[in-house]
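>>> take this sequence and fold it.
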Amino acid sequence: MTNTVVMAPTVLWAQRKDRVLVSIQLEDVDEEKISVDTAKLTFSAKSHGKTYNVDLEFNGQIIPEESKQRKGGREYYFDLKKKETGPFWPRLLKEKTKHQNIKIDFNRWKDEDESDDEMGGAGTGGYDDASLEDMMQQMGTGMGDSFDPGEAPDSEDSDDDEIPNLEASTE
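Have a look, this model is predicted:
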């Protein structure tokens with residue numbers, strides 16, 4: 001008989017008014033077993049010869065039929081449709097106990113008062129990688145640009161006038 005140590009994977013989460021985003025951080029996963037119902041997500045799998053398991057009893061209810069999941073290179077990602085659109089959940093889980101393996105996914109997080117298209121692409125939780133560079137290019141201060149004041153267009157500002165001669169007059 002072998003003693004199998006079951007470990008808790010790192011879980012990242014974020015939310016929107018209408019959905020909860022959960023990412024289970026594991027790579028090279030096999031033998032996965034996933035169960036999603038209106039109140040709970042159960043995940044178990046093997047990664048690098050170790051067994052991982054997590055049971056997430058949600059703070060609110062979801063609609064499993066309208067939810068999505070995908071396996072990525074380093075994560076299992078769940079886009080879970082909330083049963084009630086509107087107020088943000090105060091936490092992911094029903095119980096108030098702090099779990100060391102459950103953390104906020106700041107890359108996907110949005111505040112309640114932010115719209116999905118307000119700050120970059122949907123789901124980014126902020127500016128996307130290219131938008132800052134694009135904005136700098138539009139401002140003419142991109143990394144590849146060099147500013148030469150001699151090439152600036154002439155303007156009709158009052159400070160461009162000739163400086164009057166400051167010699168004392170004899171009149």
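>>> so, low pLDDT: which residues of the protein?
Counting by pLDDT under 70, the chain contains low-confidence ranges at 1-3, 112-161, 164, 167-171.
>>> helices of that one, start to end?
For the chain, applying DSSP state H gives helices covering 129-138.
>>> quick one: the strands in it?
Remark: strands assigned in the chain by DSSP state E are 6-7, 10-15, 19-25, 29-36, 40-47, 50-57, 62-71, 76-82, 102-104.
>>> columns distance to residue 89 and mean neighbour count on top of the ones you listed, output as JSON lines?
For every residue, glycine as well, the C-beta is placed using N, CA and C. Below are the strands of the chain laid out as JSON lines (distance: least, Cβ to Cβ, whole Å; neighbours: other Cβ atoms under 10 Å):
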{"stretch": "strand 6-7", "distance to residue 89": "26", "mean neighbour count": "11"}
{"stretch": "strand 10-15", "distance to residue 89": "6", "mean neighbour count": "21"}
{"stretch": "strand 19-25", "distance to residue 89": "7", "mean neighbour count": "22"}
{"stretch": "strand 29-36", "distance to residue 89": "16", "mean neighbour count": "13"}
{"stretch": "strand 40-47", "distance to residue 89": "14", "mean neighbour count": "18"}
{"stretch": "strand 50-57", "distance to residue 89": "12", "mean neighbour count": "16"}
{"stretch": "strand 62-71", "distance to residue 89": "11", "mean neighbour count": "14"}
{"stretch": "strand 76-82", "distance to residue 89": "8", "mean neighbour count": "20"}
{"stretch": "strand 102-104", "distance to residue 89": "12", "mean neighbour count": "15"}
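>>> who's in contact with stretch 41-55?
With Cβ atoms under 8 Å, 6 or more residues apart in numbering as the test, stretch 41-55 has contacts from 4-9, 11, 22, 24, 26-36, 40, 56, 58, 76, 78, 80, 101.
>>> try it again with 6 Å
Applying Cβ atoms under 6 Å, 6 or more residues apart in numbering, the external contacts of stretch 41-55 come out as 4, 6-9, 24, 26, 28-35, 56.
>>> with stretch 17-33 instead?
So stretch 17-33 is contacted by 9-14, 43-47, 74-82, 85, 105, 108 (Cβ under 6 Å, 6+ apart).
>>> just to revisit the earlier point, figure out which of the strands of the chain is closest to residue 90.
Closest to residue 90 of the strands of the chain, according to Cβ to Cβ: strand 10-15, at 10.4 Å.
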